[in-house]
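> This is the structure alone, sequence omitted:
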């Protein structure tokens, strides 16, 4: 683990909390370039009704705007949940150097769980992948969110 | 092949031609819903300096805006080149019903060549994939584009 991995993942978790307040699945991401956070974003799929509005895609788009290039060379992305195939593919396309994720996603994770898209030598870019930073905290915010949804659903069912 | 596959792929090719005029790698896509083209887009990566601005992502985003939902149920996407992992993942995330592509992409194709992300039973949505519609035309516009780039590069080198 690198020195500041926990610090940056804590910032990604802050982004996830913003998503939670908005009723979105709480996932957050930040992009770090030369020791500076240049982009931060959280999942906005429901609010924007946009299937591509995952935290990672939004953070990548913001970072490219800041840098003024689609090539995010020497950038690191921190995200609370293991990226899905779309986001893992975007990280490769954007030439992101390093990706650090928190909790594993057994159902759709594409950097370790189902695929290893960041480490596929057939693709034209390899990503340095680090898994499990603040994994417990990053996982807990998600399990709490889904537990609360189930509870509010069953209380509605009980009232009906 | 379905009745209108060639017709819709021809429209995707028209989009690819728009990208070529702009100096972008010529790839185009359209989204069809209930027999109507509701979105059309072409690759804009260089112009927008956005690593996610592939034809498919832009077409999916437009279609979601038109439909007013991130779920592109009963939508078909036609694209001139086999989608990369990012775009294949986006098609699954968007619940696109059917994807028709033209030319195969041996280097990054994620629906048939390197991965079969649309047909992975571990993911939460399966896409009906059809490959090779107007494959020759869809491939030719790309090979011509890259040949022209190489030629103009070597004529610059010869002048220097």
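That came in fine, so what should we check first? All figures in this text were calculated on a predicted structure; none of them were measured in a lab.

> so the residue positioned nearest the centre of chain A, which of the three states?
Residue closest to the average C-alpha location in chain A (C-alpha atoms, centre = their mean): residue A:79, at 3.3 Å. Look at residue A:79: counting by DSSP: H, G, I helix; E, B strand; the rest coil, its state is strand.

> Going along the chain, name the strands of chain A.
Secondary structure of chain A by DSSP state E: the strands cover A:28-33, A:36-42, A:75-81, A:98-103, A:128-131.

> got the angle for the second one vs strand A:28-33?
Taking axes from the mean of the first three to the mean of the last three C-alpha atoms, to 10 degrees, one finds that strand A:36-42 is oriented at 160 degrees with respect to strand A:28-33.

> which parts of strand A:36-42 are buried?
In terms of neighbour count (16 or more other C-beta atoms under 10 Å in any protein chain shown), strand A:36-42 has its buried residues at A:37-42. For the C-beta atoms, the positions are set from N, CA and C on the backbone; glycine is no exception.

> Point out where chain A drops to low pLDDT.
Scanning chain A with the threshold set as pLDDT under 70 gives A:160.

> Determine the set of other helices and strands touching the longest helix along it.
Of all segments of type helix in chain A, defined using DSSP state H, the longest is helix A:135-159. When contacts are defined as 3 or more C-beta pairs under 8 Å, 6 or more residues apart in numbering or on different chains; DSSP states H and E, helix A:135-159 sits against helix A:5-21, strand A:75-81, strand A:98-103.

> The nearest residue to residue A:46 once chain neighbours are set aside - how many residues pack around it?
Leaving out its chain neighbours, the residue that sits closest to residue A:46 by C-beta to C-beta, 6 or more residues apart in numbering or on different chains is residue A:24, at 5.6 Å. Counted with other C-beta atoms under 10 Å in any protein chain shown, the burial measure for residue A:24 works out to 20 neighbours.

> Does residue A:24 touch residue A:47 like I think?
Yes. Judged on C-beta atoms under 8 Å, residue A:24 makes contact with residue A:47 at a distance of 6.5 Å.

> hmm, back to that, quick one, what contacts the residue nearest to residue A:46?
With contacts taken as C-beta atoms under 8 Å, 6 or more residues apart in numbering or on different chains, residue A:24 has the following neighbours: A:42-47.

> Show me how to select, in PyMOL, the buried members of those.
The buried residues among those can be selected in PyMOL (16+ other C-beta under 10 Å) with this line:
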select buried, chain A and resi 42+43+44+45
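
> buried sites along stretch A:149-158?
Under 16+ other C-beta under 10 Å, stretch A:149-158 has no buried positions.

> contacts for stretch A:121-132?
Counting contacts by C-beta under 8 Å, 6+ apart, the residues outside stretch A:121-132 that touch it are A:1-2, A:5, A:82, A:91-93, A:95-102, A:104, A:111-112, A:116-120, B:85, B:107-108, B:114.

> Just the buried ones among those, please.
In those, burial by neighbour count holds for A:5, A:82, A:91-93, A:95-102, A:104, A:111-112, A:117-118, A:120, B:85, B:108, B:114, counting by 16+ other C-beta under 10 Å.

> Show me what from chain A comes close to chain B.
Taking C-beta under 8 Å from any C-beta of the partner chain, the part of chain A that reaches chain B is made up of A:45-46, A:48-54, A:57, A:60-61, A:64-65, A:68-72, A:84-90, A:92-95, A:107-108, A:110, A:114-115, A:117, A:120, A:122-124.

> mind redoing it with 7 Å?
Taking C-beta under 7 Å from any C-beta of the partner chain as the test, the list of chain A residues beside chain B reads A:45, A:49-52, A:57, A:60-61, A:64, A:68-70, A:84-86, A:88-90, A:92-94, A:107-108, A:114, A:117, A:122-124.
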